[in-house]
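In: Need coordinates for the below:
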Amino acid sequence: MDIAHQGSQGLHDILIKDGTVFDGTGTPGKPLDVAIDGAKIAGLYKHSEAKATMSIDAAGLVVCPGFIDIHSHSELHLLQNPLAESKIRQGVTTELVGNCGSSPAPAIGAAKEELKAYLGIPEVKLDWTTMDEYFLRLSNLRTSVNVASLVGAGSLRRCVIGSSDARPSEEQLAQMRQLLADAMVQGAFGLSSGLIYAPCCYFTTEELIALASTSASLGGIYASHIRGEGRSLVSAVEEAIRIGREAHSRVQISHHKASGKSVWGSVERTMKMIEDARAAGIDVAFDVYPYTASFTYLDTIIPTWAREGEKDAILARLVNPDLRKRILAEVDSPTNPAEDPISDTGWENVNVVGLKTDAYRQFENKSLAQIALELGTDPAELALRIIHDEQLKTLAIFHDMSEEDVTKVIKHPLAAIATDAEAMASYGPMSVNITHPRCYGTFPRAIRRYSLDMGLVPLEEMIRKMTSWPAERMGLRDRGVLAKGMAADLVLFDPLKICDIATFEDPHRYPKGIGTVIVNGAVTIEDGKHTKERAGLVLRHKPSVA
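Out: Below is the predicted model of the structure:
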């Protein structure tokens, strides 16, 4: 890719010439030039019909809208590294944060403590309370990607009643709804839930309907890490559909999957349920990441009753002999059918990462079965010990999905591609521990593996899943499509070279084949390198009355 300057007499600021343009709508690529003036697309032209002050040679390259990551967790990571290295280098120009029930705001009381404990980064000062204050913090800092946010139901609950499993009173639920409405008036795009995480899991369906109806009344979406992705997958999808129906809300089922061998293949049933719901007028869709392993906190293996309350209460249960015995019994044979036994995954398929203490650091990225064998102990006992000694901060990679299921979900026309990951960097504190390769490789992997190599999804359709479709789900009107007047967020990639190289063993590796990324008209990736541009904007939803 060559960038040439032609002098100030040019008609446009930037001209991306001689490329094959995929406009994001799902139509096949066309030989066109793309002109940019300021932060907007000025027009699409036949080759050689337009001139500009600066030209970018895109011969042999695909030119498409910047990728929109509809399921991101970068809310605090962007404050630590606003260059958004692992996202921008894979073509992501917009991130929707605040997913899985945890959001950067509102941050009051226990909600602020949760941010510090689970998402907190020592270098980041949590000096905001409202969504507006968080957005202003991002705006003043300036990031390399555009950022939008949801409001987490778990965060709302922590703001009002803390981390207990108590049922909220009518007054407390009204307080949560008011906090949600306030955040949406300030620019949030809707509500999220993470129903396998405490305290979000303590919400009843009726309480979630109440919150989702508030979001829907202001034009927002309801995005849900549903109540189960294993043996309770079908009932969890039914609940999400019911919430959409009764709250009159758009529903986005997050990272749709079937986790655990006993339920492999059930995504066919759940996707048919979603199709039927749409036919009945309920606006439900989903997103997916192109990997067969999930990534979350290890303490999610503990039954929900044992995760109730603040950290000290949870840690105390783990060392109480009677309660520990009960927890161990339920980890593999839960009394609650909504929780999945670890035998569906197998301890050999659970790798622990992010270990901080001297006693365990040597076991980074090893499976619990392997570590238990080395130490001569039981894997379940070991898991509880690590969770306790590492103060609930241990992460785990669960290799619990089938490739056949992943391909079926990706292929479905309702699927959007998303990372379910934070913006990371291959240097500094973010590079110290193992992470999931999806942080670095999601979008190029989906293109390379599932479109170009396997032919599962035509390239124009795969690009739609990354651009106009997530924009439509979010309600973004000025991004996701290459057309005159739209925001100038673009990705240029070589279809012969694009690929992910991040692995589970060595995840902090940027992809290949993405030479240029433009954000709001500013060249942010040039010749595959970050220019240090930080032209990203905070995107604020404009509430509408449903």
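In: quick one: low-confidence ranges for the chain?
Out: Across the chain, the ranges flagged by pLDDT under 70 are 1-10, 118-123, 334-339, 545-546.
In: Using the record's domain definitions, break it down for me.
Out: The record's domain parsing of the chain by automatic domain parsing lists 3-64+505-530, 67-296+413-478, 298-398.
In: As CSV, could you dump the C-alpha coordinates of stretch 67-78?
Out: What follows is stretch 67-78, C-alpha atoms only, in CSV (Å, rounded to 0.1, in the frame of the first residue of the first chain):
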residue,chain,number,x,y,z
PHE,A,67,-15.5,-3.6,11.7
ILE,A,68,-18.0,-3.0,14.5
ASP,A,69,-17.3,-5.2,17.6
ILE,A,70,-20.8,-5.5,19.1
HIS,A,71,-19.6,-7.5,22.1
SER,A,72,-16.5,-5.9,23.7
HIS,A,73,-15.2,-5.6,27.2
SER,A,74,-12.7,-2.7,26.7
GLU,A,75,-14.3,-0.2,29.0
LEU,A,76,-11.4,0.1,31.4
HIS,A,77,-8.6,-1.2,29.1
LEU,A,78,-9.1,1.7,26.8
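In: ok, back up a step: do you know which of the domains of the chain lies nearest V491?
Out: V491 lies closest, by CB to CB, to one member of those: domain 67-296+413-478, at 4.0 Å. C-beta: built from backbone N, CA, C; applies to glycine.
In: For stretch 373-392, buried residues please.
Out: 379-380, 382-388, 390, 392 (16 or more other CB atoms under 10 Å).
In: before we move on, what about stretch 364-373?
Out: 365-369, 371-372.
In: do stretch 399-416 as well
Out: 399-402, 405-412, 414-416.
In: can you give me the helices for the stretch 1-150 of the chain?
Out: Under the criterion DSSP state H, counting those that start in this stretch, the stretch 1-150 of the chain carries helices at the ranges 77-80, 85-88, 110-114, 131-141.
In: whoops, I mixed them up, the stretch 151-300 of the chain
Out: Using DSSP H, counting those that start in this stretch, the helices of the stretch 151-300 of the chain run over residues 153-161, 170-185, 205-217, 233-247, 267-279.
In: Deepest-packed of the ones you listed, please.
Out: helix 153-161 (a mean of 26; mean count of other CB atoms under 10 Å).
In: just the angle between that one and helix 205-217, please?
Out: 110 degrees (axes from the mean of the first three to the mean of the last three CA atoms, to 10 degrees).
In: then helix 153-161 to PDB, C-alphas only?
Out: Output of helix 153-161 as PDB, limited to C-alpha atoms (Å, rounded to 0.1, in the frame of the first residue of the first chain):
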ATOM      1  CA  ALA A 153     -28.000  -5.000  34.800                       C
ATOM      2  CA  GLY A 154     -25.500  -6.400  37.300                       C
ATOM      3  CA  SER A 155     -24.100  -2.900  37.800                       C
ATOM      4  CA  LEU A 156     -27.500  -1.400  38.300                       C
ATOM      5  CA  ARG A 157     -28.200  -4.100  41.000                       C
ATOM      6  CA  ARG A 158     -24.900  -3.400  42.800                       C
ATOM      7  CA  CYS A 159     -25.700   0.300  42.800                       C
ATOM      8  CA  VAL A 160     -29.000  -0.200  44.500                       C
ATOM      9  CA  ILE A 161     -28.800  -3.400  46.700                       C
END
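In: Could you tell me the angle between it and helix 170-185?
Out: 130 degrees.
In: just checking, what packs against helix 153-161?
Out: helix 110-114, helix 170-185, strand 190-194, helix 205-217 (3 or more CB pairs under 8 Å, 6 or more residues apart in numbering; DSSP states H and E).
In: With distance to A446 added, can I get the ones you listed in a markdown table?
Out: Shown next, in a markdown table, are these (distance: least, CB to CB, whole Å):
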| stretch | distance to A446 |
| --- | --- |
| helix 110-114 | 32 |
| helix 170-185 | 31 |
| strand 190-194 | 22 |
| helix 205-217 | 29 |
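In: of the ones you listed, which approaches V319 most closely?
Out: Relative to V319, the nearest member of the helices and strands packed on helix 153-161 by CB to CB is helix 110-114, separated by 21.8 Å.
In: picking up where we left off before, for the helices and strands packed on helix 153-161, which one sits closest to A421?
Out: The nearest among the helices and strands packed on helix 153-161, by CB to CB, is strand 190-194 at 14.8 Å.
In: Adjacent strands (with direction) for the closest one?
Out: strand 151-152 (parallel), strand 221-225 (parallel) (DSSP bridges).
In: closest one to N520 among the ones you listed?
Out: strand 221-225 (23.4 Å).
In: contacts for the closest one?
Out: 70-71, 99-101, 150, 189-197, 212, 215-216, 240, 243-244, 247, 249-255, 473-475 (CB atoms under 8 Å, 6 or more residues apart in numbering).
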